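[1] Just to be clear, the model below is a prediction. Sequence and coordinates:
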Amino acid sequence: MSVTRFFASCAKGLEYLLADELVALGCARATAAVAGVNVEGGLADAQRAVLWSRLASRVLWPLAEFECPDEHALYAGAAAVDWPRHLSADMTLAVDAHVSGTAITHARYAAQRTKDAVVDTLRTASGARPSVDVESPDLRLSLVVRKGRAILSVDLGGGPLHRRGWRQAQGEAPLKETLAAAVLMRGSWPRLHAEGGALLDPMCGSGTLLIEGAMIAADVAPGLLRHGDRLPSRWLGFDSAAWQQLLDEARQREASGRSALRPVFFGSDSDPHAIRAAQQNAEAAGVAGAIRWQVASVEELQPMTKVDASQGLVVCNPPYDARLAADAALYRTLGDALKRAVPTWRASLLCGDAELAHATGLRAQKKYQLFNGALECALIVCDPIATPWRELAAPAVLSEGAQMVANRLRKNLKKLKSWREREDVGCYRVYDADLPEYSAAIDVYTEADDPGQRWLHVQEYAAPAEIPEADVRRRLRELLSAAQDAFALPHERIATKTRERGKGGSKYGRLDQRGQWMVVREGDVRLRVNLFDYLDTGLFLDHRPLRLRIAEEAEDTRFLNLFGYTGAASVHAAVGRARQTTTVDLSATYLQWCSDNLRENAIGGARHQLVQADVLTWLGADRGQYDLIFCDPPTFSNSARADDFDLQREHVRLLRAAVARLAPGGVLYFSNNFRRFRLDSAAVAEFAHCEDITAQTIPPDYARNPRIHQAWRLTAR
């Protein structure tokens with residue numbers, strides 16, 4: 001059977017890291033899914049992943065996929081596989097099952113029925129049957145039943161890949177080696193080590209992070225100790241010769257890497273039993289000579305002045321348990337100790353949750369959501385650990401005008417507080433030229449994985465021509481000072497889009513090019529925004545109610561997003577269980593952004609299409625039917641790739657073409673932000689019922705500016 005796809009599972013939160021790793025290992029393509037990655041590659045790629053992947057939990061090679069509405073279909077589908085091609089009767093067998101849905105609800109029973117099908121098939125073919133060995137079978141199978149379909153695969157690694165083979169002893173809550181590798185990779189440890197850096201864990205427990213870091217530095221394949229000279233699987237389809245070649249190459253790299261390994265690893269813990277366990281593990285891993293262990297509390301951490309490295313990485317997994325019972329004071333102590341001992345180093349800290357991460361007092365440049373088993377954790381990356389003194393300088397005394405703006409901001413925050421908390425709104429408009437002489441819009445963006453981290457996006461409005469330029473600049477400086485004071489934010493967290501005057505009137509000046517992205521939450525979805533590099537952030541906040549309405553109405557619909565921009569409405573529809581989504585936009589940049597937003601929510605596959613095309617041209621050629629359509633066109637467009645577009649002139653033609661694509665009973669939501677727009681009601685009435693829903697779609701944070709957009713609900717006549 002020619003198979004060019006396989007699945008690599010991982011802990012939730014590691015999908016994108018794993019996808020990048022598998023591509024680096026030579027796979028043709030890797031696409032993040034939920035708790036794993038769909039991989040395009042051959043058996044050689046899959047076997048290489050078993051040996052070399054530091055992040056994958058299992059590598060699953062598919063044997064069969066079939067409809068599975070009930071237990072009878074499960075047995076029949078499993079029995080249809082030509083099992084003598086995959087194992088012989090003298091081999092041992094185990095089946096791991098994962099089921100969801102209402103048809104088959106018991107994983108153990110599903111595994112039993114699958115095992116029965118395999119055994120019965122082999123007994124019929126040979127008169128003998130394989131035995132069951134759940135601990136160390138010759139062939140381990142994986143069964144996944146989801147949404148009425150079953151996938152039956154070979155577990156090529158023979159079991160969990162986080163078991164590296166060196167763990168001799170462990171503490172109360174050992175960190176899985178795969179998660180430790182993710183902490184190290186997010187902290188850029190491979191690069192830092194190559195540049196001469198050191199690695200420190202001041203709360204090391206049984207040493208997982210340091211040992212994993214040493215094995216990465218020594219270029220030791222994570223599967224070498226785990227499998228030794230044994231094949232990871234005795235599946236008859238396993239390519240033993242290719243595996244031996246992989247082992248030979250890995251051992252050559254190991255010999256070279258271990259001989260060059262520098263003693264730049266430092267671990268300490270207040271528990272002497274943990275240090276003894278760490279020493280035993282390091283000896284079993286063959287890296288004991290590179291790691292210096294010490295029994296010491298985090299308060300006793302000393303400056304790393306004697307370390308033969310000018311830079312380094314601190315990794316740590318401070319204690320917490322299933323109830324997130326942790327002492328915030330301990331996290332603060334950790335943060336203070338790191339700022340004192342290694343202020344210029346980088347840190348990658350896996351904390352119990354966002355609040356505990358915030359308790360460290362460290363300013364994180366990056367935050368990631370990871371799962372340690374079922375526990376949702378916050379990984380923060382700080383670079384450098386200590387904030388430079390210039391960023392801690394006391395704010396200047398506000399001028400009278402700036403104080404007025406600061407007071408208005410505080411008043412607006414108080415006014416919006418109950419609504420924000422009730423609706424769980426993290427991104428909102430807090431100021432919209434409330435004081436006419438301070439003419440700008442200020443929006444708040446809260447990070448999804450750390451609600452304590454807020455950013456501001458400030459857009460200056462065009463000032464009347466008679467206002468002197470010096471006054472315009474002064475007022476903007478005062479407004480920014482007021483915003484910094486009211487939100488207690490450093491200026492680096494305020495993105496400012498300023499206008500400059502030139503030919504053709506006032507226009508926005510040069511934008512930053514930081515490449516700095518953040519993830520925010522809106523309803524049940526996660527969305528990527530960029531506050532600095534583009535005129536708009538990637539999320540029009542005034543359309544929040546309309547997107548949430550789409551999410552509520554999307555279940556089992558075919559959704560079409562015209563002029564899709566960064567695809568926020570498509571993501572809402574997909575998370576709202578739309579049967580399929582189609583997003584059309586002329587910009588490749590925005591479609592890539594939409595793709596990233598879909599991946600951020602673990603959405604992918606052929607059911608979610610991205611189309612780069614002129615909307616009117618595409619509508620003229622498309623023959624699909626859609627149950628729910630969102631159309632939010634620009635006011636004007638003069639792209640070189642399509643005819644000029646004028647909303648007022650073209651809107652009847654646009655709506656007629658869009659309504660023609662509605663399925664019976666379908667709904668089209670049409671909106672725009674052109675303040676002088678006038679809907680040609682008489683013309684639209686010829687082909688659609690039309691209801692003005694603008695008032696229902698203006699959120700409370702835009703109450704001062706209800707003309708921000710107009711919106712209609714259309715159905716076909």
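    Good, I have the coordinates.

[2] Nearest residue to the middle of this protein?
    Closest to where the C-alpha atoms of the chain average out (CA atoms, centre = their mean) is residue 600, at 4.4 Å.

[3] Give me the three-state assignment for residue 620.
    Following DSSP: H, G, I helix; E, B strand; the rest coil, the label given to residue 620 is helix.

[4] Can you read off the pLDDT for it?
    pLDDT recorded at residue 620 is 94.

[5] Just give me the neighbour total for it.
    11 (other CB atoms under 10 Å). Bear in mind the C-beta positions are built from the backbone N, C-alpha and C, glycine included.

[6] How about the contacts made by it?
    Under the criterion of CB atoms under 8 Å, 6 or more residues apart in numbering, the neighbours of residue 620 are residue 657.

[7] could you measure it against residue 645, distance?
    According to CB to CB, to the nearest Å, residue 620 stands 14 Å off from residue 645.

[8] do residue 301 as well
    62 Å.

[9] do the same with residue 584
    Separation of residue 584 from residue 645 (CB to CB) stands at 13 Å.

[10] ok, these two, which is more surrounded?
    residue 584 (23 against 20).

[11] Residues in contact with the helix or strand where the more buried one lies: which ones?
    Residue 584 belongs to strand 580-585 when assigned by DSSP states H and E. Residues from elsewhere that reach strand 580-585 (CB under 8 Å, 6+ apart): 558-565, 567, 570, 573-574, 591, 594, 607-613, 615, 618, 624, 626.

[12] Contact partners for the residue nearest to the centre of the chain?
    Taking CB under 8 Å, 6+ apart, we find residue 600 in contact with 519, 526-528, 571.

[13] Narrow those residues to those in helices?
    Among these, DSSP state H puts residue 571 in helices.

[14] Before we move on, what's the pLDDT of residue 205?
    The model's pLDDT for residue 205 equals 93.

[15] Can you give me the distance of it to residue 142?
    Separation of residue 205 from residue 142 (CB to CB) stands at 31 Å.

[16] same question, residue 29
    22 Å.

[17] Comparing those two, which shows the higher neighbour count?
    residue 142 (25 against 13).

[18] residue contacts, the more buried one?
    Listed by CB under 8 Å, 6+ apart, the contact set of residue 142 reads 58, 60, 95-98, 152-155.

[19] Got phi/psi on it?
    When read as degrees, to the nearest 10, the backbone of residue 142 gives phi -120, psi 130.

[20] Distance-wise, check it relative to residue 25.
    Using CB to CB, residue 142 is found at 21 Å from residue 25.

[21] Identify all contacting residues around stretch 43-50.
    With contact meaning CB under 8 Å, 6+ apart, stretch 43-50 is reached by 3, 6, 8, 22, 25-28, 39, 56, 59, 61, 156-157, 161, 223, 232, 237-239, 242-243, 246.

[22] Quick one, which of the residues you listed are buried?
    6, 8, 22, 25, 27, 39, 56, 59, 61, 156-157, 161, 223, 232, 237-239, 243, 246 (16 or more other CB atoms under 10 Å).

[23] Among these, which are located in helices?
    22, 243, 246.

[24] The second one and residue 231 touch, don't they?
    Yes - taking contact to mean CB atoms under 8 Å, the distance of 6.4 Å between residue 243 and residue 231 places them in contact.

[25] picking that back up, if any of the contacts of strand 580-585 are buried, put those into a ChimeraX selection.
    In ChimeraX, a selection of the buried entries from the contacts of strand 580-585 looks like this (16+ other CB under 10 Å):
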select :558,559,560,561,562,563,564,565,567,570,573,574,591,594,608,610,611,615,618,626
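
[26] before we move on, the earlier item: buried by neighbour count: which residues of the next helix or strand after the strand holding residue 584 qualify?
    Sequence order places helix 588-600 as the next helix or strand after strand 580-585, per DSSP H and E. Using 16+ other CB under 10 Å as the test for burial, helix 588-600 gives 590-591, 593-600.

[27] Can you tell me the closest non-neighbouring residue to residue 493?
    residue 455 (4.9 Å; CB to CB, 6 or more residues apart in numbering).

[28] what sits opposite the one you found in the beta ladder?
    Counting by DSSP bridges, residue 455 forms beta bridges with residue 445.

[29] Do I have it right that it meets residue 537?
    No - applying CB under 8 Å, one finds residue 455 not in contact with residue 537, separated by 9.7 Å.

[30] Derive a ChimeraX selection command for the buried subset of the contacts of residue 142.
    To isolate the buried members of the contacts of residue 142 in ChimeraX, using 16+ other CB under 10 Å:
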select :58,60,95,96,97,152,153,154,155
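
[31] Filter the contacts of residue 142 down to the ones in strands?
    Counting by DSSP state E, the part of these found in strands is 58, 60, 95-98, 152-155.

[32] which two in the residues you listed are spaced the farthest apart?
    In the ones in strands among the contacts of residue 142, two members sit farther apart than any others by CB to CB. They are 98 and 154, at 15.2 Å.

[33] all helices of the stretch 51-200 of the chain, in order?
    Taking DSSP state H, counting those that start in this stretch to define them, one finds helices in the stretch 51-200 of the chain at 71-79, 107-126, 177-186, 189-194.

[34] show me the contacts for residue 284.
    By CB under 8 Å, 6+ apart, the contact set of residue 284 is 165-168, 225.

[35] got the residue ranges for the strands in the stretch 451-600 of the chain?
    Secondary structure of the stretch 451-600 of the chain (DSSP state E, counting those that start in this stretch): strands located at 454-460, 494-497, 499-502, 505-508, 518-522, 525-529, 558-562, 580-585.
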